[in-house]
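Colleague: Quick one, what's the 3D model for this:
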Amino acid sequence: MKEDKILLKLSGEALENKKDNLIFDGSLIKSIAAQISELSNLGYKVGVVIGGGNIWRGKLHDILKIDQESADYMGMLSTVINSIALANILRQNFNTEVNVYNSLEVNIPNNFIKYNSKKILKQFNKKGLVSIFAGGTGKPFFSTDTSVAQKAVAAKVNRILIGKFGTDGVYDKDPNKFKDAKFIKKITFKDAIKKDLKVMDKTALEILENKNIEVVIFDILEKNSIIKSIKDDSFKKTIMN
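Modeller: From the prediction side, this is the model:
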(Lines give C-alpha, C1' and ligand atoms only; values in the text may rest on other atoms or scores of the structure.)
Protein backbone atom coordinates (compact mmCIF):
# COMPACT_ATOMS: atom_id res chain seq x y z
CA MET A 1 0.00 0.00 0.00
CA LYS A 2 1.28 3.45 -0.88
CA GLU A 3 1.48 5.93 1.97
CA ASP A 4 -2.01 7.23 2.56
CA LYS A 5 -2.86 10.04 4.94
CA ILE A 6 -6.56 10.32 5.74
CA LEU A 7 -8.65 12.93 7.51
CA LEU A 8 -12.04 11.57 8.57
CA LYS A 9 -14.89 14.05 9.09
CA LEU A 10 -17.69 12.63 11.22
CA SER A 11 -21.16 14.08 11.57
CA GLY A 12 -21.91 14.75 15.22
CA GLU A 13 -25.58 14.18 14.52
CA ALA A 14 -24.81 10.63 13.39
CA LEU A 15 -23.45 9.78 16.85
CA GLU A 16 -26.75 10.56 18.54
CA ASN A 17 -28.98 7.87 20.02
CA LYS A 18 -32.36 9.29 19.06
CA LYS A 19 -34.29 6.29 20.36
CA ASP A 20 -33.13 6.74 23.96
CA ASN A 21 -32.59 10.51 23.73
CA LEU A 22 -28.86 10.25 24.43
CA ILE A 23 -26.03 12.23 22.84
CA PHE A 24 -24.17 9.02 21.93
CA ASP A 25 -25.15 5.79 20.23
CA GLY A 26 -22.68 3.51 22.02
CA SER A 27 -22.64 0.74 19.43
CA LEU A 28 -22.14 3.17 16.53
CA ILE A 29 -19.31 5.17 18.08
CA LYS A 30 -17.55 1.91 19.02
CA SER A 31 -17.98 0.67 15.45
CA ILE A 32 -16.47 3.90 14.15
CA ALA A 33 -13.58 3.61 16.62
CA ALA A 34 -12.98 0.00 15.56
CA GLN A 35 -12.69 1.05 11.91
CA ILE A 36 -10.35 3.93 12.74
CA SER A 37 -8.17 1.55 14.74
CA GLU A 38 -8.17 -0.96 11.89
CA LEU A 39 -7.05 1.68 9.39
CA SER A 40 -4.27 2.75 11.73
CA ASN A 41 -3.15 -0.86 12.16
CA LEU A 42 -3.13 -1.28 8.37
CA GLY A 43 -0.60 1.54 8.11
CA TYR A 44 -2.86 4.45 7.22
CA LYS A 45 -2.12 7.72 9.00
CA VAL A 46 -5.47 8.84 10.33
CA GLY A 47 -6.81 12.15 11.58
CA VAL A 48 -10.37 12.80 12.73
CA VAL A 49 -12.60 15.86 12.97
CA ILE A 50 -15.99 15.42 14.65
CA GLY A 51 -18.91 17.79 14.41
CA GLY A 52 -21.01 18.69 17.44
CA GLY A 53 -24.52 18.22 16.07
CA ASN A 54 -25.49 15.56 18.61
CA ILE A 55 -25.11 18.19 21.36
CA TRP A 56 -25.60 21.60 19.75
CA ARG A 57 -26.92 22.64 16.35
CA GLY A 58 -26.48 26.07 14.85
CA LYS A 59 -30.17 26.61 14.19
CA LEU A 60 -30.80 26.61 17.94
CA HIS A 61 -29.29 30.08 18.24
CA ASP A 62 -32.35 31.44 16.43
CA ILE A 63 -34.80 29.39 18.46
CA LEU A 64 -33.20 30.37 21.78
CA LYS A 65 -32.30 33.92 20.69
CA ILE A 66 -28.59 33.35 21.40
CA ASP A 67 -26.13 35.56 19.55
CA GLN A 68 -24.11 33.94 16.74
CA GLU A 69 -20.72 34.25 18.44
CA SER A 70 -21.88 32.52 21.64
CA ALA A 71 -23.67 29.85 19.59
CA ASP A 72 -20.50 29.14 17.62
CA TYR A 73 -18.49 28.68 20.80
CA MET A 74 -21.15 26.29 22.10
CA GLY A 75 -20.78 24.30 18.89
CA MET A 76 -17.00 24.19 19.23
CA LEU A 77 -17.29 23.03 22.85
CA SER A 78 -19.57 20.23 21.62
CA THR A 79 -16.80 19.01 19.30
CA VAL A 80 -14.45 18.95 22.30
CA ILE A 81 -16.82 16.65 24.21
CA ASN A 82 -17.14 14.33 21.20
CA SER A 83 -13.37 14.26 20.69
CA ILE A 84 -12.70 13.30 24.33
CA ALA A 85 -15.25 10.49 24.03
CA LEU A 86 -13.79 9.05 20.83
CA ALA A 87 -10.21 9.33 22.09
CA ASN A 88 -10.98 7.40 25.25
CA ILE A 89 -12.89 4.70 23.38
CA LEU A 90 -9.93 4.24 21.02
CA ARG A 91 -7.45 4.01 23.89
CA GLN A 92 -9.44 1.83 26.27
CA ASN A 93 -11.27 -0.47 23.87
CA PHE A 94 -8.80 -0.78 20.99
CA ASN A 95 -5.41 0.01 22.56
CA THR A 96 -4.86 2.74 19.97
CA GLU A 97 -2.46 5.62 20.57
CA VAL A 98 -4.30 8.94 20.23
CA ASN A 99 -3.42 12.61 20.43
CA VAL A 100 -6.21 15.16 20.75
CA TYR A 101 -5.32 18.61 19.43
CA ASN A 102 -7.58 21.41 20.60
CA SER A 103 -7.93 24.77 18.84
CA LEU A 104 -10.19 26.16 21.55
CA GLU A 105 -8.94 27.84 24.73
CA VAL A 106 -10.33 25.47 27.37
CA ASN A 107 -8.45 23.97 30.30
CA ILE A 108 -9.17 20.28 30.81
CA PRO A 109 -6.02 18.68 32.29
CA ASN A 110 -4.44 15.65 30.62
CA ASN A 111 -6.78 15.60 27.62
CA PHE A 112 -5.38 17.92 24.97
CA ILE A 113 -2.39 19.20 23.10
CA LYS A 114 -2.80 22.79 21.96
CA TYR A 115 -3.20 22.84 18.21
CA ASN A 116 -0.25 24.24 16.27
CA SER A 117 -0.41 24.00 12.48
CA LYS A 118 3.38 24.15 12.17
CA LYS A 119 3.96 21.15 14.44
CA ILE A 120 1.03 18.99 13.37
CA LEU A 121 2.70 17.61 10.24
CA LYS A 122 5.43 15.86 12.26
CA GLN A 123 2.94 14.31 14.69
CA PHE A 124 0.51 13.27 11.97
CA ASN A 125 3.27 11.32 10.23
CA LYS A 126 3.89 9.14 13.28
CA LYS A 127 2.96 5.54 12.50
CA GLY A 128 0.16 4.07 14.61
CA LEU A 129 -0.90 7.42 16.07
CA VAL A 130 -4.45 8.68 15.49
CA SER A 131 -4.82 12.47 15.59
CA ILE A 132 -8.16 13.95 16.67
CA PHE A 133 -8.76 17.65 16.05
CA ALA A 134 -11.18 19.32 18.48
CA GLY A 135 -12.51 22.83 18.83
CA GLY A 136 -13.12 23.66 15.19
CA THR A 137 -11.05 26.62 14.03
CA GLY A 138 -11.02 27.99 17.59
CA LYS A 139 -12.79 31.13 16.36
CA PRO A 140 -16.47 31.95 15.81
CA PHE A 141 -18.12 32.45 12.42
CA PHE A 142 -16.36 29.47 10.81
CA SER A 143 -17.84 26.03 10.18
CA THR A 144 -16.49 22.59 11.00
CA ASP A 145 -16.04 22.16 7.22
CA THR A 146 -13.57 25.04 7.22
CA SER A 147 -11.69 23.42 10.10
CA VAL A 148 -11.53 20.14 8.15
CA ALA A 149 -10.11 21.89 5.09
CA GLN A 150 -7.51 23.78 7.14
CA LYS A 151 -6.38 20.66 9.01
CA ALA A 152 -6.21 18.64 5.78
CA VAL A 153 -3.94 21.19 4.14
CA ALA A 154 -1.76 21.62 7.25
CA ALA A 155 -1.28 17.85 7.64
CA LYS A 156 -0.84 17.34 3.88
CA VAL A 157 -3.40 14.55 3.69
CA ASN A 158 -4.27 13.13 0.32
CA ARG A 159 -7.79 12.02 1.20
CA ILE A 160 -10.70 13.37 3.25
CA LEU A 161 -13.47 10.94 4.17
CA ILE A 162 -16.80 12.59 5.01
CA GLY A 163 -19.24 10.34 6.86
CA LYS A 164 -22.68 11.86 6.40
CA PHE A 165 -25.75 11.13 8.47
CA GLY A 166 -28.20 9.14 6.36
CA THR A 167 -26.88 10.45 3.02
CA ASP A 168 -24.88 8.16 0.76
CA GLY A 169 -23.19 10.84 -1.34
CA VAL A 170 -23.93 13.98 -3.33
CA TYR A 171 -27.13 14.61 -5.31
CA ASP A 172 -28.13 17.39 -7.66
CA LYS A 173 -30.85 18.30 -5.14
CA ASP A 174 -32.04 17.12 -1.74
CA PRO A 175 -32.99 13.42 -2.13
CA ASN A 176 -35.11 13.62 1.02
CA LYS A 177 -37.34 16.22 -0.62
CA PHE A 178 -37.17 15.31 -4.32
CA LYS A 179 -37.77 11.78 -5.59
CA ASP A 180 -36.14 12.62 -8.93
CA ALA A 181 -32.85 13.73 -7.31
CA LYS A 182 -29.89 12.34 -9.28
CA PHE A 183 -26.87 10.81 -7.60
CA ILE A 184 -23.50 12.34 -8.54
CA LYS A 185 -20.67 9.82 -8.51
CA LYS A 186 -17.84 12.24 -9.28
CA ILE A 187 -17.60 16.02 -9.19
CA THR A 188 -14.92 18.70 -9.10
CA PHE A 189 -14.58 21.30 -6.37
CA LYS A 190 -15.18 24.00 -8.98
CA ASP A 191 -18.49 22.43 -10.10
CA ALA A 192 -19.61 21.87 -6.50
CA ILE A 193 -19.07 25.59 -5.86
CA LYS A 194 -20.69 26.66 -9.13
CA LYS A 195 -23.77 24.48 -8.60
CA ASP A 196 -24.01 25.38 -4.90
CA LEU A 197 -24.52 21.73 -3.94
CA LYS A 198 -23.92 22.23 -0.18
CA VAL A 199 -21.44 19.35 -0.04
CA MET A 200 -19.21 21.46 2.18
CA ASP A 201 -19.37 25.18 2.78
CA LYS A 202 -17.95 27.41 0.07
CA THR A 203 -14.93 28.53 2.13
CA ALA A 204 -13.86 24.92 2.69
CA LEU A 205 -14.24 24.04 -0.99
CA GLU A 206 -12.20 27.06 -2.01
CA ILE A 207 -9.43 26.08 0.43
CA LEU A 208 -9.31 22.53 -0.99
CA GLU A 209 -9.46 23.47 -4.66
CA ASN A 210 -6.14 22.78 -6.45
CA LYS A 211 -4.65 21.13 -3.33
CA ASN A 212 -4.56 17.60 -4.81
CA ILE A 213 -6.80 16.27 -2.04
CA GLU A 214 -9.57 13.78 -2.82
CA VAL A 215 -12.83 14.01 -0.87
CA VAL A 216 -15.01 10.91 -0.46
CA ILE A 217 -18.60 11.36 0.77
CA PHE A 218 -20.63 8.40 2.05
CA ASP A 219 -23.25 7.30 4.58
CA ILE A 220 -21.64 6.71 7.98
CA LEU A 221 -24.62 4.60 9.07
CA GLU A 222 -23.79 1.87 6.55
CA LYS A 223 -22.04 -1.09 8.19
CA ASN A 224 -18.23 -0.84 8.00
CA SER A 225 -18.66 2.23 5.79
CA ILE A 226 -15.34 3.90 6.62
CA ILE A 227 -13.36 0.86 5.52
CA LYS A 228 -15.59 0.31 2.48
CA SER A 229 -15.19 3.92 1.36
CA ILE A 230 -11.50 3.16 0.81
CA LYS A 231 -11.38 -0.55 0.03
CA ASP A 232 -14.61 -1.33 -1.84
CA ASP A 233 -14.94 0.17 -5.33
CA SER A 234 -18.58 -0.94 -5.51
CA PHE A 235 -19.54 0.89 -2.32
CA LYS A 236 -21.85 3.83 -3.06
CA LYS A 237 -20.04 7.12 -2.55
CA THR A 238 -19.27 10.43 -4.21
CA ILE A 239 -15.69 11.37 -5.06
CA MET A 240 -14.77 15.03 -5.30
CA ASN A 241 -11.41 16.40 -6.42
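Colleague: low pLDDT regions in the protein?
Modeller: Applying pLDDT under 70 to the chain flags residues 1-3.
Colleague: now the strands for the protein?
Modeller: 5-10, 45-50, 97-102, 113-114, 129-134, 159-164, 170-171, 183-184, 186-187, 214-219, 238-240 (DSSP state E).
Colleague: what's the burial count for the closest residue to Pro175 other than its chain neighbours?
Modeller: In space, Pro175 comes closest to Ala181 once its chain neighbours are excluded; the distance is 4.0 Å by CB to CB, 6 or more residues apart in numbering. C-betas here are computed from N, CA, C, even on glycine. Neighbour count for Ala181, taken as other CB atoms under 10 Å: 13.
Colleague: Kindly report the same for Ser103.
Modeller: 22.
Colleague: That one reaches Ile132, doesn't it?
Modeller: No. When contacts are counted by CB atoms under 8 Å, Ser103 is not listed as touching Ile132 (11.6 Å).
Colleague: can you count the residues close to Leu10?
Modeller: If you count neighbours by other CB under 10 Å, Leu10 ends up with 26.
Colleague: ugh, wrong one, I meant Lys65
Modeller: By other CB under 10 Å, the residues close to Lys65 number 7.
Colleague: so what's it up against?
Modeller: If you count contacts by CB atoms under 8 Å, 6 or more residues apart in numbering, Lys65 has none.
Colleague: nearest to Ile23, of the strands of the chain?
Modeller: When the strands of the chain are compared by CB to CB, strand 45-50 sits nearest Ile23, at 11.9 Å.
Colleague: In terms of secondary structure, what does that closest one contact?
Modeller: Other elements packing on strand 45-50 under the criterion 3 or more CB pairs under 8 Å, 6 or more residues apart in numbering; DSSP states H and E are strand 5-10, helix 26-41, helix 68-94, strand 129-134, helix 144-155.
Colleague: What residues sit buried inside stretch 43-62?
Modeller: 44-57, 61 (16 or more other CB atoms under 10 Å).
Colleague: Could you check how far Pro175 is from Thr146?
Modeller: Pro175 sits 25 Å away from Thr146, going by CB to CB, to the nearest Å.
Colleague: So which of the two has more stuff around it?
Modeller: Thr146 (21 against 17).
Colleague: List the buried residues in stretch 171-178.
Modeller: Buried-residue list, stretch 171-178, by 16+ other CB under 10 Å: Tyr171, Pro175.
Colleague: and that stretch, how far out from the chain's middle?
Modeller: The chain centroid and the centroid of stretch 171-178 are separated by 22 Å, computed with CA atoms, centre = their mean, to the nearest Å.
Colleague: Can you check the distance spanned by it, start to finish?
Modeller: The first and final residues of stretch 171-178 sit 10 Å from each other (CA to CA, to the nearest Å).
Colleague: which residues sit against that stretch?
Modeller: Thr167, Ala181, Lys182, Phe183, Ile184, Lys195, Leu197.
Colleague: these two touch, right, Val170 and Ile239?
Modeller: No. In this structure, Val170 is not within contact of Ile239 by CB under 8 Å, at 9.3 Å.
Colleague: Find residues that contact each of those two.
Modeller: Ile187, Ile217.
Colleague: Neighbour count: these two, which is higher?
Modeller: Val170 (25 against 17).
Colleague: Residue most distant from the centroid, this protein?
Modeller: What lies farthest from the middle of the chain is Asp180; by CA atoms, centre = their mean that is 28.4 Å.
Colleague: Okay, buried residues for stretch 156-164 please.
Modeller: For stretch 156-164, burial by neighbour count (16+ other CB under 10 Å) applies to Val157, Asn158, Arg159, Ile160, Leu161, Ile162, Gly163, Lys164.
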